[in-house]
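*Asks:* build me a model from this:
(one chain, ligands or ions: 1)
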Amino acid sequence: MTRESELMLYALLGIPVVVLAFFLLTMGPIGWFLAAFLGIAVLGAASVFGEDEEPTGPERVNCPQCGSRTAAGGACDYCGEAL
Ligand SMILES: [Zn+2]
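*Replies:* So this is what the prediction gives:
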């Protein structure tokens, strides 16, 4: 997905969400509960979709000696153990 279409998608989704949130917040405690529930659902969905866009950096492995997360190929950054 390109940057522009992604921003467009956020705008298309964001405006109704803001309007909906406003109405829910004016409803009183039931609306507040629904707004919080929807907020959590949206955050959960965003984190699921966000996993696709995780940048692919250099490969990283767990050091077999100390278990630290370190760059693959070479020695552990923490304990110097060869990987
Ligand atoms: Zn190590």
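*Asks:* going forward, measure contacts and count neighbours with C-alpha atoms only.
*Replies:* Will do.
*Asks:* could you point out the longest helix in this protein?
*Replies:* helix 3-26 (DSSP state H).
*Asks:* centre of the chain versus that helix, how much separation?
*Replies:* 18 Å (C-alpha atoms, centre = their mean, to the nearest Å).
*Asks:* which parts of whichever helix or strand comes after that helix are buried?
*Replies:* Sequence order places helix 29-50 as the next helix or strand after helix 3-26, per DSSP states H and E. For helix 29-50, the neighbour count (16 or more other C-alpha atoms under 10 Å) marks 31, 32, 35 as buried.
*Asks:* from the contact counts, what lies against helix 29-50?
*Replies:* Judged by 3 or more C-alpha pairs under 8 Å, 6 or more residues apart in numbering; DSSP states H and E, helix 29-50 is in contact with helix 3-26.
*Asks:* average pLDDT for stretch 10-24, rounded please.
*Replies:* Per-residue pLDDT over stretch 10-24 has a mean of 86.
*Asks:* can you list the residues of the protein near the ion?
*Replies:* 63, 66, 76, 78, 79 (C-alpha under 5 Å from the ion).
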